[in-house]
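[1] Kindly generate the corresponding structure for this input.
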Amino acid sequence: MISPINFTGIKNIGYANIYKNTPEQKNSRVVMNMELTDDNNRDLSAYRKILAKHPEFKNEVNDKYMNIEYETLKQDNCIFARVKLNGNIIIPDAENFSAINFMRNIVNRISRFKNKDFKTDDDHHLMKEAQEGLIYNEHFDNYIDGSCGRLKLLDGTDLTEKFDYYLNTANLEITEDEEEILYDAMDNIVAALHEPAYVHNGAVYMDALLKGYSKLDISS
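    This next block holds a predicted model:
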């Protein structure tokens, strides 16, 4: 007897934690990207109701996807935080509470997923929704090689420096086999950012961040 698949209606979920720590800039970005469907909770329909009121929030990579980012920036002795939906800053005021609560509820559900609840399409990590959509509308290569920030996933390894060498050294000659190995390794990193255990832990962290943000109210 085949056990039924427990599909939650949210699929292709990715998570990334990236940071920059230089004398000029110290910031951290926690990102979740996911495809919404109407297969269970009608999440896609609810999402599109929000987009109907705020068309500027539309995901330009794929309009079935939602990209959530929590960014902190340290400047002097102050720390600033902001939340983004598909690259748009979402100010915590009355106009945006429906969007904030929707994002928070989705992330909270993912934080309670078990491994069997995660569904990722074959080769999703090769698609533009992962390659261009995870760190919203940015080139993922710039974070694998550290050009624009570093992936926490690679901390404790020398992979960032190796990618920087192979991708950015002027006039470097590599063989076709070496080039294939290089790009396979990059694709594998994207795949790792969609692994259920990694995404689950990231969702727990982001859930805590969004709870604090959703309590803010600058309407007055």
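
[2] buried set for the helix or strand of the chain with the lowest mean pLDDT?
    Across the helices and strands of the chain, mean confidence by mean pLDDT, DSSP states H and E is lowest for strand 78-85: a mean of 92. The neighbour-count check on strand 78-85 (16 or more other C-beta atoms under 10 Å) flags 83, 84, 85 as buried. Where C-beta positions appear, they are placed from N, C-alpha and C, glycine not excepted.

[3] Same question for stretch 150-158.
    Across stretch 150-158, burial judged by 16+ other C-beta under 10 Å covers 150, 151, 153, 154.

[4] Same question for stretch 188-207.
    Within stretch 188-207, the residues scored as buried using 16+ other C-beta under 10 Å are 189-191, 193-196, 198-200, 202-203, 205-207.

[5] Among those residues, which lie within helices?
    Among these, the residues falling in helices (DSSP state H) are 189, 190, 191, 196, 198, 199, 200, 202, 203, 205, 206, 207.

[6] secondary structure element for residue 48?
    For residue 48, the host element (DSSP states H and E) is helix 43-53.

[7] Can you list the neighbours in contact with the helix or strand following that helix?
    Remark: after helix 43-53, the chain's next helix or strand is strand 65-75, criterion DSSP H and E. Counting contacts by C-beta atoms under 8 Å, 6 or more residues apart in numbering, the residues outside strand 65-75 that touch it are 12, 25-36, 47, 59, 61, 79-87, 103, 106-107, 129, 133-134, 136, 206, 209-210, 213.

[8] Would you write a PyMOL line that selects the buried entries of the residues you listed?
    Buried residues among those (16+ other C-beta under 10 Å), as a PyMOL selection:
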select buried, resi 12+27+28+29+30+31+32+33+34+35+36+47+59+61+83+84+85+86+103+106+107+129+133+134+136+206+209+210+213
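
[9] circling back to that earlier point, tell me the angle of the least confident helix or strand of the chain relative to strand 65-75?
    Counting by axes from the mean of the first three to the mean of the last three C-alpha atoms, to 10 degrees, strand 78-85 points 170 degrees away from the direction of strand 65-75.

[10] May I have the strands that pair with strand 78-85, each with its orientation?
    Partners of strand 78-85 in the sheet, by DSSP bridges, are strand 65-75 (antiparallel), strand 88-89 (antiparallel).

[11] Need the residues that contact the helix or strand following the shortest one.
    Meaning strand 88-89. For strand 88-89, the succeeding helix or strand toward the C-terminus, using DSSP H and E, is helix 97-111. With contact meaning C-beta under 8 Å, 6+ apart, helix 97-111 is reached by 8, 10, 13, 32, 34, 36, 43, 46-47, 50, 53-54, 57, 66, 68, 83, 85, 90, 92, 199-200, 203-204, 206-207, 210-211, 213-214.

[12] Counting by contacts, list what the helix or strand containing residue 179 packs against.
    Using DSSP H and E, residue 179 maps to helix 176-192. The helices and strands touching helix 176-192, judged by 3 or more C-beta pairs under 8 Å, 6 or more residues apart in numbering; DSSP states H and E, are helix 141-144, helix 159-168.

[13] chain center to it: distance?
    Chain-centre distance of helix 176-192: 20 Å, with C-alpha atoms, centre = their mean, to the nearest Å.

[14] With stretch 55-66 instead?
    Its chain's C-alpha centre and that of stretch 55-66 lie 14 Å apart, by C-alpha atoms, centre = their mean.
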